[in-house]
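S.K.: Here's my sequence, what's the structure:
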Amino acid sequence: MPDEDLYELSERERDILKLVATGASNKEIAQQLYISSNTVKVHLRNIFTKIGVTSRTEAAMYAVRTGLVVHASNQLLAAESAENQSNLSDAAVQPDSLIVETPLSGSKKYFRWAPYFLIAALLGLIFLGLRLSPGLALFNPPTSTPLPPTNTPPPIPHWSHLTDLPVSRSDPAVVSYADQIYVIGGINSLGVNGDVDRYDPITNIWTTLSPKPVAVYNVQAAIINGMIYIPGGRQSRSNLEPTNILEIYDTNTNQWHTGAILPTPLSAYGLVAYDGDLYVFGGWDGQEYRNSVYSYDPTTDAWQKRTSMPTARGFCGAVEAGGKIYVIGGINGDQPVDVNEIYSPARDNGKNIPWTSGFPIPESRYGVRATNIADTVYVFGGEKENSNRVGLIYFPQTNVWQSLETSPFPLGEDFGMTSIGTNLFFMGGVSNGVFSSQNITYQAIITLTIPIIIK
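M.R.: Numbering: from 1, shown residues only. Predicted structure coming up:
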């Protein structure tokens with residue numbers, strides 16, 4: 001039967017839980033339901049409390065188990081609830097991927113009564129067995145040789161190659177929007193690159209767009225309302241001085257314009273778009289690595305200084321998950337760091353301390369890339385021997401790190417990384433001194449379909 005907690009959810013909360021189970025982000029949920037992202041967050045906190053979960057993955061599993069999601073009924077999961085729930089919980093923290101099992105179509109009404117039918121059928125069989133002659137084989141051990149077990153199915157591949165970038169490069173800014181990936185700038189053997197290329201994962205086709213007016217590398221990109229923001233960056237390999245320019249690309253018009261300049265020139269920073277604002281963490285100012293934090297409001301075209309990070313650093317990973325921003329790894333002076341510092345924008349009001357410490361990254365790294373799938377943090381890269389090939393997954397709800405499946409391909413260093421849905425994408429980079437045009441994807445969450453046959 002559906003969990004009693006499900007009946008405590010309002011209609012709006014059920015709608016949000018369904019969308020969470022499809023992998024929709026807070027922003028996508030807000031757009032579909034015509035509510036704000038903050039309202040989605042409030043609903044999610046209430047949903048998690050009511051159904052007794054602590055993460056989006058657990059909420060998705062709950063939606064599947066209770067029959068809320070679908071096109072489908074969960075008779076099989078209901079009949080084997082204890083065993084399957086354990087399997088699903090284990091799968092949620094598999095180091096290779098997250099696995100969600102989704103049944104095929106059926107009837108919710110049938111699902112509600114299925115356990116009773118099963119109990120009645122079992123009682124009937126027991127009664128029948130007691131009445132039958134002991135000579136029958138119903139309760140006797142089989143005399144025939146059992147069939148050999150079927151072969152174990154081959155493992156599902158997580159990694160695959162896609163169509164290469166039009167131009168080899170490392171240190172590009174990479175960001176996804178509307179199921180498209182934008183690769184901007186970077187550096188290669190010809191110098192600093194201003195090319196802008198858009199990749200469509202559905203068609204596996206690249207499209208060349210208007211180049212960035214100021215070619216830069218050692219930058220990140222973030223998107224707000226269809227506009228791609230790229231602050232600062234280095235313009236020359238020989239010149240350590242970064243720029244303070246903010247250039248903005250309109251994905252609708254394929255045009256560039258400038259915004260208010262950065263308070264200080266920066267490159268090699270961490271960058272996150274959160275709740276309609278841009279946040280820049282640390283970075284290199286031409287002389288030293290900084291602990292500064294700045295926010296940019298696109299509506300006023302103005303920068304604001306925020307509470308500084310506890311640790312000065314550059315080449316760090318920065319990612320938002322669950323309303324908090326995680327700034328991971330980096331380098332301070334000539335020493336890589338293993339810190340995982342957590343910033344709460346809502347607490348940065350002059351009255352509270354917005355920074356806390358999460359469990360450190362398992363090994364010191366700089367030049368890392370970080371992204372978010374279902375409020376779980378994925379970290380790849382890092383300029384340390386072999387660390388660029390071993391990905392890490394961080395569960396903010398439990399403050400735990402785990403290793404991911406090693407890439408069968410040499411990802412190299414200084415690649416760009418982003419995510420769409422349940423897939424990570426790795427683009428460009430440099431390996432053994434050679435600039436790369438690689439375009440590799442990693443499927444982080446695999447959905448298996450279980451057929452249900454009702455006669």
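S.K.: Could I get the phi/psi values of the nearest residue to V377 once chain neighbours are set aside?
M.R.: Leaving aside its sequence neighbours, V377 sits nearest to Y394 (C-beta to C-beta, 6 or more residues apart in numbering; 4.1 Å). For every residue, glycine as well, the C-beta is placed using N, CA and C. When read as degrees, to the nearest 10, the backbone of Y394 gives phi -120, psi 130.
S.K.: wait, isn't Y394 in contact with Y326?
M.R.: Yes. Using C-beta atoms under 8 Å, Y394 is in contact with Y326, at 7.3 Å.
S.K.: Can you pull the residues that touch both of these two?
M.R.: N340, G358, V377 (C-beta atoms under 8 Å, 6 or more residues apart in numbering).
S.K.: Reformat these as TSV; add secondary structure.
M.R.: Shown next, in TSV, are the shared contacts of Y394 and Y326 (DSSP: H, G, I helix; E, B strand; the rest coil):
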residue	secondary structure
N340	strand
G358	coil
V377	strand
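S.K.: returning to what we had before: ok, the residue nearest to V377 - contacts?
M.R.: Contacts for Y394 (C-beta under 8 Å, 6+ apart) come out as Y326, I328, N340, G358, F359, I361, T376, V377, Y378, V379, V400, W401.
S.K.: any idea which of the shared contacts of Y394 and Y326 is closest to N38?
M.R.: Comparing the shared contacts of Y394 and Y326 against N38 with C-beta to C-beta places V377 closest, at 21.2 Å.
S.K.: what's the distance between that closest one and R369?
M.R.: 11 Å (C-beta to C-beta, to the nearest Å).
S.K.: And N218, by the same measure?
M.R.: 13 Å.
S.K.: what touches both of the two?
M.R.: Common neighbours of N218 and R369 (C-beta under 8 Å, 6+ apart) do not exist.
S.K.: now S364, nearest residue through space, not along the chain?
M.R.: Closest to S364 by C-beta to C-beta, 6+ apart is P336, at 3.9 Å.
S.K.: How many residues are close by the one you found?
M.R.: 22 (other C-beta atoms under 10 Å).
S.K.: Identify the residues contacting it.
M.R.: Neighbours of P336 in contact, by C-beta under 8 Å, 6+ apart: G329, G330, S364, R365, Y366, G382, E383, K384.
S.K.: Give the bridge partners for it, please.
M.R.: Counting by DSSP bridges, P336 forms beta bridges with I331.
S.K.: Which positions within stretch 353-371 qualify as buried?
M.R.: Residues P354, W355, G358, I361, S364, R365, Y366, G367, V368, R369, A370, T371 are the ones in stretch 353-371 that count as buried (16 or more other C-beta atoms under 10 Å).
S.K.: And the helices in the stretch 351-455 of the chain?
M.R.: Counting by DSSP state H, counting those that start in this stretch, the stretch 351-455 of the chain forms no helices at all.
S.K.: where do the strands sit along it?
M.R.: 355-357, 368-373, 376-381, 392-395, 400-403, 416-420, 423-427, 430-431, 434-435, 439-443, 445-450 (DSSP state E, counting those that start in this stretch).
S.K.: pLDDT score for L6?
M.R.: Looking at L6, its pLDDT is 65.
S.K.: before we move on, what about S133?
M.R.: In this model, S133 carries a pLDDT of 39.
S.K.: For stretch 180-190, list the C-alpha coordinates in PDB.
M.R.: Output of stretch 180-190 as PDB, limited to C-alpha atoms (Å, rounded to 0.1, in the frame of the first residue of the first chain):
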ATOM      1  CA  GLN A 180      22.700  22.600 -24.900                       C
ATOM      2  CA  ILE A 181      26.300  22.900 -23.900                       C
ATOM      3  CA  TYR A 182      28.400  26.100 -24.500                       C
ATOM      4  CA  VAL A 183      32.200  26.000 -24.700                       C
ATOM      5  CA  ILE A 184      33.800  29.400 -24.500                       C
ATOM      6  CA  GLY A 185      37.400  30.600 -24.800                       C
ATOM      7  CA  GLY A 186      40.400  28.600 -23.600                       C
ATOM      8  CA  ILE A 187      44.000  28.300 -24.800                       C
ATOM      9  CA  ASN A 188      45.800  26.100 -27.300                       C
ATOM     10  CA  SER A 189      49.000  26.100 -29.300                       C
ATOM     11  CA  LEU A 190      47.900  29.100 -31.300                       C
END
